[in-house]
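> next comes the sequence, and after it the predicted model I'd like to discuss.
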Amino acid sequence: MNLKRFANSLVTRLVLFGTLVVLASGIARYYVLTDFLHDDLTGVAAEQQSTIASYLAQDINHRILERRRYLEQLAASLPPELMGQPERLREWLRDRQELQPLFSQGLFVANDNGVIIIDYPSTIGRTGLSISGYPDFHLAKGGRFIIGEPLLSPASQQAIIPMMAPLRDHGGRLIGILGGTTSLTAAGFLDHLQQARLGESGSFILVSPAKRVIIAANDPTIVLKPLPQVGVDPLLDKAVAGYRGTGIGSNGSVEEIKAIAPVPSTGWFVVVRLPVSAALPTVEHVQAFILRGGAVQALVIFLLIILVVVWFFRPLRHAADQAERMTRGDLPLTPLQVARADEVGHLTMAFNRLLSRLKVHQAELQHQAHHDTLTGLPNRVMLADRMKQAIAHANRERTGVALLFLDLDGFKPINDTLGHKAGDQVLQEITQRLLRVARHSDTLARVGGDEFVLLATDLDTPLAHGARALAEKCIHVVAEPLKLPQGEYTLGVSIGIAVCESDCDPDLLLQAADKAMYDAKNKGRGCYVIAVRDETRA
């Protein structure tokens, strides 16, 4: 037996001076602290899940809008005369699909009667297939862009999301439909939902309220399965009816904290779920502790406890006051002072450990929200913030910024033939090479599958010379042979450069660099193109 711990124990002291009044105070503390911790930790867990749900919904919305914009651009640029030239039309589709394969199941063109006349890549059973019976075909035929509900492809037998854009001739007459289909599990689309995890028991689902069907989830067995029947989960029923926010619901057997966030471009919504028991383990420990303490305290003497309880519980009252002021925002979240090595001290240390874990978890969520999980580089969110800071600094110091938009040449064949694991190794190796080129003041970010952005500041004037030097270094390091277990491979990189000396718009700067990168692709790849300066200004 640890005599020192026994002598310092609050239970020991209360045994000597106990009273039946402590039983009442113990019961009061039981309910007050339990309700406080339950409500507080539930709120913290709900806020964290809401942040995760919003991030996932925004990410999904971006991926869908990216494909929509691309398909609309293709529909606007398709020459009408190709509708009567099947082979040239197939070559046109092939060039676009291979240049930017956003639609994993490929592209197709249907005539105005809904019969698919050409597709790329060719899928058995797709050419000649009629889509006129598709529920939203009449809307596409009427001139609207359609993001379809998920379905099982009759050609590939895979779960897909179709998109359709109307095709018009020079006179504005409808001549056909340009479509693209993406597998739900395609890399770079919704596959990240199946890989996401929230602790050991948390889960994520993407829901189509119109069909009451699960589009994607980290449990692949429930994909394209219907939602539970109405009444099983009232909170999920509210979400289908339009509710967006957080709350506690039931999946039929377990209470869960749920956060619901919308995907604006489609009407879908993301649900992040975590069992209440997994989110609030501390409450049960505190309940057990208070019950044990109350049972022991019930044995103490009534009169003497009145005299000593003020002194005994002074640290607890101080800790509770400090914790309450922290929850109101009057004080910053800092560890509580441990006054004595008794149960009050143990509870205070447990609270401090909980607070420390909460801060670590918040820091991890913040890092995940601003960094790419594969390479550890900043993502689009952090890049946007760094661009604003860099432009503000350049305006103050009267210097300038340069933005290099890099797209790897030859990455897709490696990724397709050797597999995603080898593709990930290639991206990580290219990241390390580009980091050797980037200076301490520069920011290297990953903004897409094989797309990187290098934000350079404090370059010598003229800016274009420094940007060219950086671009040439990037081209050189990327071109170095890649040694993989399967053999030696070589990649290239096409770079779009946009420079700005003052008063430039971050979005326009990024768009200009992106456009210049495509110009470099068209120029022959493995080179760089500098954007026109006026394209970087609002």
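All right, it came through fine. Numbers count the residues shown, from 1 in each chain.
> let me see the confidence value for the residue nearest to the spatial centre of the chain.
Residue closest to the mean C-alpha point of the chain, counted by CA atoms, centre = their mean, is Leu56 at 4.1 Å. Predicted confidence (pLDDT) for Leu56: 85.
> okay, now the closest residue in space to it that isn't next to it in sequence: neighbour count?
With CB to CB, 6 or more residues apart in numbering as the criterion, Leu56 has its nearest non-adjacent residue at 4.9 Å, and that residue is Val270. To be clear about C-beta, it is placed using only N, CA and C from the backbone, and glycine gets the same treatment. Neighbours of Val270 under the rule other CB atoms under 10 Å: 28.
> list the contacts for Val270?
Counting by CB atoms under 8 Å, 6 or more residues apart in numbering, Val270 touches 53, 56-57, 60, 204-207, 260-263.
> name the helix or strand for the residue nearest to the centre of the chain, please.
Using DSSP states H and E, Leu56 falls within helix 21-77.
> what's around Ala173, how many residues?
Slight slip there: residue 173 is Arg, not Ala. 10.
> quick one: it from Ile116, how far?
Between Arg173 and Ile116 the distance is 20 Å, computed by CB to CB, to the nearest Å.
> low-confidence regions, the stretch 251-400 of the chain specifically.
In the predicted model, the stretch 251-400 of the chain carries pLDDT under 70 at residues 252, 279-314, 316-320, 333, 339-345, 347, 355, 359-365, 367-368.
> which of the helices or strands spans the residue nearest to Leu56?
Applying DSSP H and E, one finds Val270 within strand 268-275.
> partner strands of that strand and their direction?
Listed by DSSP bridges, the sheet partners of strand 268-275 and their directions read strand 203-208 (antiparallel), strand 255-263 (antiparallel).
> now do the buried residues in the helix or strand harbouring Ala110.
Per DSSP H and E: Ala110 is located in strand 107-111. Residues of strand 107-111 classed as buried by neighbour count (16 or more other CB atoms under 10 Å): 107-110.
> what is the helix or strand that it is followed by packed up against?
The C-terminal neighbour of strand 107-111 among helices and strands, as given by DSSP H and E, is strand 116-120. Using 3 or more CB pairs under 8 Å, 6 or more residues apart in numbering; DSSP states H and E as the contact test, the elements touching strand 116-120 are helix 86-99, strand 107-111.
> what's the most buried one of these?
strand 107-111 (a mean of 23; mean count of other CB atoms under 10 Å).
> how far does that strand sit from its chain's centre?
Computed by CA atoms, centre = their mean, to the nearest Å, the chain-centroid distance of strand 107-111 equals 32 Å.
> the inter-axis angle of it versus strand 116-120?
Angle of strand 107-111 versus strand 116-120, following axes from the mean of the first three to the mean of the last three CA atoms, to 10 degrees, is 170 degrees.
> would you mind pulling up the elements that strand 107-111 packs against?
helix 86-99, strand 116-120, strand 174-183.
> got a markdown table for these, with mean pLDDT too?
As requested, the helices and strands packed on strand 107-111 are exported to a markdown table (pLDDT from 0 to 100):
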| stretch | mean pLDDT |
| --- | --- |
| helix 86-99 | 92 |
| strand 116-120 | 92 |
| strand 174-183 | 91 |
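> for Leu374, find the nearest of the ones you listed.
Nearest to Leu374, of all the helices and strands packed on strand 107-111, is strand 174-183, at 20.0 Å by CB to CB.
> send the alpha carbons of the closest one over as PDB?
C-alpha atoms of strand 174-183 as PDB (Å, rounded to 0.1, in the frame of the first residue of the first chain):
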ATOM      1  CA  LEU A 174     -29.400  21.600 -80.600                       C
ATOM      2  CA  ILE A 175     -27.400  18.900 -82.500                       C
ATOM      3  CA  GLY A 176     -26.600  16.400 -79.700                       C
ATOM      4  CA  ILE A 177     -25.500  15.800 -76.100                       C
ATOM      5  CA  LEU A 178     -21.900  15.700 -74.800                       C
ATOM      6  CA  GLY A 179     -21.700  13.400 -71.700                       C
ATOM      7  CA  GLY A 180     -19.100  12.300 -69.200                       C
ATOM      8  CA  THR A 181     -19.300   9.600 -66.600                       C
ATOM      9  CA  THR A 182     -17.200   9.200 -63.400                       C
ATOM     10  CA  SER A 183     -17.000   6.100 -61.200                       C
END
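> and it, what does it pack onto?
The elements that strand 174-183 packs onto, with contact taken as 3+ CB pairs under 8 Å, 6+ apart, are helix 21-77, strand 107-111, helix 137-141, strand 159-168.
> would you list the ones you listed in a markdown table and tack on distance to Asp503?
Output for the helices and strands packed on strand 174-183, formatted as a markdown table (distance: least, CB to CB, whole Å):
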| stretch | distance to Asp503 |
| --- | --- |
| helix 21-77 | 27 |
| strand 107-111 | 40 |
| helix 137-141 | 42 |
| strand 159-168 | 36 |
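> quick one: which of the ones you listed is nearest Met387?
helix 21-77 (17.0 Å).
> rewinding a little: from the contacts of Val270, which is closest to Gly492?
Ile60 (31.3 Å).
> hmm, back to that, what about the residue nearest to Leu56, distance to Thr334?
Distance from Val270 to Thr334, counting by CB to CB: 34 Å.
> show residues contacting stretch 149-160.
Here stretch 149-160 has contacts from 105, 123-126, 129, 135, 161-162, 181-185, 208, 210-211, 213, 215, 223-224, using CB under 8 Å, 6+ apart.
> again, only using 6 Å
The contact list for stretch 149-160 (CB atoms under 6 Å, 6 or more residues apart in numbering) reads 105, 123, 125-126, 161, 181, 183-184, 208, 211, 215, 224.
> for it, measure first residue to last.
End-to-end distance for stretch 149-160: 9 Å, by CA to CA, to the nearest Å.
> next one: stretch 127-135
End-to-end distance (CA to CA), stretch 127-135: 19 Å.
> got it, and stretch 453-467?
Length of stretch 453-467, first residue to last, CA to CA: 13 Å.
> buried sites along that stretch?
For stretch 453-467, burial by neighbour count (16+ other CB under 10 Å) applies to 453-459, 463, 466-467.
> before we move on, the earlier item: turn the helices and strands packed on strand 116-120 into TSV, including distance to Ile146.
Putting these into TSV (distance: least, CB to CB, whole Å) gives the following:
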stretch	distance to Ile146
helix 86-99	19
strand 107-111	12
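> determine which of these approaches Arg525 most closely.
The nearest among the helices and strands packed on strand 116-120, by CB to CB, is helix 86-99 at 10.4 Å.
> same for that closest one, what does it pack against?
When contacts are defined as 3 or more CB pairs under 6 Å, 6 or more residues apart in numbering; DSSP states H and E, helix 86-99 packs onto strand 116-120.
> if you set the cut-off to 7 Å instead, what comes out?
strand 107-111, strand 116-120 (3 or more CB pairs under 7 Å, 6 or more residues apart in numbering; DSSP states H and E).
> next, format the ones you listed as JSON lines and append distance to Asp40.
Output for the helices and strands packed on helix 86-99, formatted as JSON lines (distance: least, CB to CB, whole Å):
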{"stretch": "strand 107-111", "distance to Asp40": "52"}
{"stretch": "strand 116-120", "distance to Asp40": "56"}
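> among the ones you listed, which is nearest Arg439?
Closest to Arg439 of the helices and strands packed on helix 86-99, according to CB to CB: strand 107-111, at 40.9 Å.
> what lines up beside that closest one in the sheet?
Using DSSP bridges, strand 107-111 pairs in its sheet with strand 116-120 (antiparallel), strand 174-183 (antiparallel).
> pLDDT (mean, whole number) over it?
Strand 107-111 comes out with an average pLDDT of 92.
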